[in-house]
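In: return a 3D structure for these sequence lines:
(2 chains)
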Amino acid sequence: MNEEKPKLCKETYFNAFYLEHAQSASNFAFYKCGDKMSALDLVQEAFTKIWENCSKIDFNKAKTYLFTTVNNLFLNTVKHNKVVMEYAKTVPYVDTNNQNPEYLLEEEEFKQKLQKAISILTDVQREVFLLNRIEGKKYREIAEMLDISQKAVEKRMSGALKILREKIENI
Amino acid sequence: MKEEKNILKWFNNELSEKEVEDLKQSEDFDTLKKIAHYSSFMQAPKIDVEQALLDFKNKHAVKKEVKVRKLNFQTIYRVAAIVILMLSVSYFVFFNNNVSINTDLAQTKTFSLPDESEVILNAASTLHYNKKKWKTSRDLELDGEAFFKVSKGQKFTVHTDVGSVQVLGTQFNVKERDNYFEVQCYEGLVGVTYNNTKVKLSKGKTFRIINGDIKEIEDFNKLSPSWIDSESSFTEVPLSQVIQELERQYQIKITIDNDVDTAKLFTGTFTHNDKNIALQSVTVPLKLSYEIDRNNVTFYNYDGTK
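Out: Reported below is the predicted structural model:
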């Protein structure tokens, strides 16, 4: 039984694992550090740890291990940029039918406010909020990824929403 | 509070439509909706995963070759074996407590044991003892003939293939040759163990076994065995034993004519200093004659013709 389990030490498995999770790990790192190059460095370093310890890591737990490692590595690095999230090139407005210039301007303004507000969030709040919003992950999945309880995820999310609402209305 | 829970649920797509309608009544629902909507259109920078993997591989190409080498226990065992071997060899070389003393043909040796007991070893004999254990047990192994002057102390034991001799402090001679075992007591009391029987010898007594038979021997009246004074004396000893002693003392090979009876008993003495006199003193009383051809001597019945 044990031998049939995919082993990370086997190069083909490792490569597949890498290709599957590199992007989401990079996103996750970016939510924290806000810098593309640093995010990629964190990811590469985390994969290095996995590669070095491949025999000790259970394949099913590898994903959690990856994100926890990125998280830990991030905490160890002093460098910390302001996280400014970019919008996709084309963002549909909430009311797609409303072409009123005044409305469009208002919405653009809101988008900027949101961008600013997100950069004010704490690291843990931001990562939970963005994992939920951008990657569409359920709280349970996030909890699993970060190796924390779902309650903790909800608490962070709720804190994030509270700050966002306050900031947007005040800005 | 309830509203907050519902908002969380809504963000997690767990809210029913009816509950969403309720939520819409709250004052800042509009803001929330915009937050939810626009934030989902944000994005982290895309990375080229294929390229990243390639970079990763290049970086670790060197590291990968550093394989963890398992401890080779076979090598360890080998090294351990060598070390143990060397230790034990050096132990035996440097701390060898087994003392062994040999004499060649026609040679005697006099020496002292650690307790100053004296040993005189006759020709072609070997004596072993352990120097370290000597204090607790005075044990010796003898193959041949030796005279002991034992100083008083613990039990002093001489082991031979045939039997063992125990004394406390005395002088005695042990002779252990082929088919021949003889203990003579010159002073004090000697205990002889032979085939589980114990015999006590007082001064002047002899215990002799020839071919497994115990022989009765008359008392003697000497202070030390004659061989110490370069003589061998015999009292009713078969000719074969006398011949062996001659061979040992003179480094010669004696052959015997078929019609000579080697079981004949010999009583007498031969010197260790002159071969011809010695041979004569053995052959004449037994009415024998001999011929010498370098180291070979032949014994034959004297018939008066030669």
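
In: who does the helix or strand bottoming out on mean pLDDT in chain A pair up with?
Out: For chain A, counting by mean pLDDT, DSSP states H and E, strand A:86-87 ranks last in confidence among helices and strands (a mean of 78). Sheet partners assigned to strand A:86-87 using DSSP bridges are listed as strand B:42-43 (antiparallel).

In: follow-up on the earlier one: ok, residues contacting the least confident helix or strand of chain A?
Out: The contact list for strand A:86-87, computed with C-beta atoms under 8 Å, 6 or more residues apart in numbering or on different chains, reads A:111, A:115, B:38, B:41-43, B:45. Where C-beta positions appear, they are placed from N, C-alpha and C, glycine not excepted.

In: stretch A:124-137 and chain B, are they touching?
Out: Yes. Stretch A:124-137 lies within reach of chain B by C-beta under 8 Å from any C-beta of the partner chain, at A:129-130, A:132-134, A:136.

In: which of those residues are buried? Put it as a PyMOL command.
Out: A single PyMOL command selects the buried members of these (16 or more other C-beta atoms under 10 Å in any protein chain shown):
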select buried, chain A and resi 129+130+132+133+134
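
In: if you rank the contacts of strand A:86-87 by neighbours, which is first?
Out: With neighbours taken as other C-beta atoms under 10 Å in any protein chain shown, the top of these is B:Tyr38, carrying 22 neighbours.

In: tell me the SS of the most centrally placed residue in chain A?
Out: Nearest to the mean C-alpha position of chain A, counting by C-alpha atoms, centre = their mean, stands A:Phe28 at 2.8 Å. Three-state assignment for A:Phe28 (DSSP: H, G, I helix; E, B strand; the rest coil): helix.

In: test my guess that it contacts A:Arg126.
Out: No. A:Phe28 is not in contact with A:Arg126 according to C-beta atoms under 8 Å; the separation is 10.8 Å.

In: name the residues contacting each of the two.
Out: What both A:Phe28 and A:Arg126 touch, as defined by C-beta under 8 Å, 6+ apart, is an empty set.

In: which element follows the least confident helix or strand of chain A toward the C-terminus?
Out: Sequence order places helix A:101-120 as the next helix or strand after strand A:86-87, per DSSP states H and E.

In: what are the buried residues along that following helix?
Out: In helix A:101-120, residues buried by neighbour count (16+ other C-beta under 10 Å) are A:107, A:110-111, A:113-115, A:117-118.

In: same question, stretch B:209-225
Out: B:209-210, B:215, B:220, B:225.

In: so how far is stretch B:174-190 off the chain centroid?
Out: Centroid separation between stretch B:174-190 and its chain, computed with C-alpha atoms, centre = their mean, to the nearest Å, is 28 Å.

In: ranges for the helices of chain A?
Out: A:11-33, A:36-52, A:62-76, A:101-120, A:123-133, A:139-146, A:150-170 (DSSP state H).

In: any weak-confidence spans in the chain?
Out: By default, I'm working from chain A. A:1-6, A:78-81, A:170-171 (pLDDT under 70).

In: can you look at chain B instead?
Out: Using pLDDT under 70, the flagged stretches of chain B are B:1-2, B:27, B:61-70, B:96, B:303-306.

In: sorry, back to before: how close does the residue nearest to the centre of chain A sit to chain B?
Out: A:Phe28 sits 8 Å away from chain B, going by C-beta to the nearest C-beta, to the nearest Å.

In: which ones are touching that residue?
Out: Contact analysis of A:Phe28 by C-beta under 8 Å, 6+ apart lists A:67, A:70, A:127, A:131, A:145.

In: domain-wise, how is chain B divided?
Out: If you go by automatic domain parsing, the domain ranges for chain B are B:2-65, B:98-229, B:230-306.

In: ok, how many other residues are close to B:Ser100?
Out: For B:Ser100, the neighbour count with other C-beta under 10 Å is 10.

In: other SSEs contacting the helix or strand hosting it?
Out: Assigned by DSSP H and E, B:Ser100 belongs to strand B:98-102. Applying 3 or more C-beta pairs under 8 Å, 6 or more residues apart in numbering or on different chains; DSSP states H and E, one finds that strand B:98-102 contacts strand B:126-130.

In: adjacent strands (with direction) for the strand it packs on?
Out: strand B:98-102 (antiparallel), strand B:138-143 (antiparallel).

In: what's in contact with it?
Out: Against strand B:126-130 from outside (C-beta under 8 Å, 6+ apart): B:97-103, B:113, B:119, B:121, B:138-144, B:146.

In: one more time with 6 Å
Out: Strand B:126-130 is contacted from outside by B:97-102, B:121, B:140-143, using C-beta atoms under 6 Å, 6 or more residues apart in numbering or on different chains.

In: chain B contacts on chain A?
Out: Counting by C-beta under 6 Å from any C-beta of the partner chain, the residues of chain A close to chain B are A:18-19, A:22-23, A:26-27, A:30, A:36, A:40, A:44, A:47, A:85, A:87-88, A:91, A:94, A:110-111, A:114, A:132-134, A:138-139, A:154, A:157-158, A:164-165, A:168.

In: now the buried members of the residues you listed.
Out: For the residues of chain A next to chain B, a burial check counting by 16+ other C-beta under 10 Å picks out A:18, A:22-23, A:26-27, A:30, A:36, A:40, A:44, A:47, A:85, A:110-111, A:114, A:132-134, A:138-139, A:154, A:157-158, A:164-165, A:168.

In: wasn't B:Asp22 part of a helix?
Out: Yes. Under three-state DSSP, B:Asp22 sits within a helix.

In: name the nearest residue to it, sequence neighbours excluded.
Out: Excluding the flanking residues, the one nearest B:Asp22 by C-beta to C-beta, 6 or more residues apart in numbering or on different chains is B:Asn6, at 7.3 Å.

In: okay, the one you found and B:Thr298: tell me how far apart.
Out: 133 Å (C-beta to C-beta, to the nearest Å).

In: show me how chain A divides into domains.
Out: A:2-76, A:101-170.

In: go through the ones you listed and name the closest to B:Lys253.
Out: Taking C-beta to C-beta, domain A:2-76 is the member of the domains of chain A nearest to B:Lys253, at 78.9 Å.

In: returning to that earlier point: just the contacts of strand A:86-87 now: which is nearest A:Pro101?
Out: Using C-beta to C-beta, these come closest to A:Pro101 at A:Lys111, 15.6 Å.

In: count of residues packed around residue 52?
Out: All of this refers to chain A. 12.

In: I was after chain B.
Out: Neighbour tally, B:Ala52, other C-beta under 10 Å: 19.

In: state the distance from it to B:Ser230.
Out: Remark: distance between B:Ala52 and B:Ser230 (C-beta to C-beta) = 104 Å.

In: try B:Lys5
Out: Distance from B:Lys5 to B:Ser230, by C-beta to C-beta: 124 Å.

In: coming back round to it: distance to B:Leu23 added to the strands paired with strand B:126-130, as CSV?
Out: Shown next, in CSV, are those (distance: least, C-beta to C-beta, whole Å):
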stretch, distance to B:Leu23
strand B:98-102, 102
strand B:138-143, 106
